[in-house]
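Student: no sequence for this one, just the structure:
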């Protein structure tokens, strides 16, 4: 659920960081490779309507109603047989995420490379100083 006035944003690359915690495969599953590259590389702030049309959000509701809508959906699921719901969720996750470990195995290695770079330090410093970063590729 998302409010009509919500935005979605992946700021890491904009600050010289890599994505970790399996974020790349998760985003790619949701929106496909082309849109995943756009979301991650360009660090665009996506409005809720676009996030919904791209598959990042299931439903967009008026401001102030996202929690209520999410709770209503949760209540509906809670009224179903719990063992069967759990089995279906596990089966879908296993099918959809079968290659995630292969894709995210390098998260830590990529973090170490990114964190040791001058661009990482510049990204963090520019954020703290509220100025555009000046990347050099170092």
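Tutor: The structure has been received and is ready for your questions. Keep in mind that what you see is a predicted model, and the values were worked out from it rather than measured. Residues are numbered from 1 along each chain as shown.
Student: the helix or strand where residue 121 lies - contacts with which helices or strands?
Tutor: Residue 121 is part of helix 118-128, with elements assigned from DSSP states H and E. Here helix 118-128 touches no other helix or strand, going by 3 or more Cβ pairs under 8 Å, 6 or more residues apart in numbering; DSSP states H and E. Yep, even glycine has a C-beta here, placed from its N, CA and C like the rest.
Student: quick check: mean pLDDT of that helix?
Tutor: In this model, helix 118-128 has a mean pLDDT of 91.
Student: over to stretch 87-104?
Tutor: Here the average pLDDT along stretch 87-104 is 81.
Student: is it true that residue 97 touches residue 30?
Tutor: No. Residue 97 is not in contact with residue 30 according to Cβ atoms under 8 Å; the separation is 11.5 Å.
Student: any weak-confidence spans in the protein?
Tutor: Applying pLDDT under 70 to the chain flags residues 102-105.
Student: can you give me the helices in the protein?
Tutor: For the chain, helices defined by DSSP state H occupy the ranges 23-31, 33-42, 48-53, 66-78, 82-96, 100-104, 107-115, 118-128.
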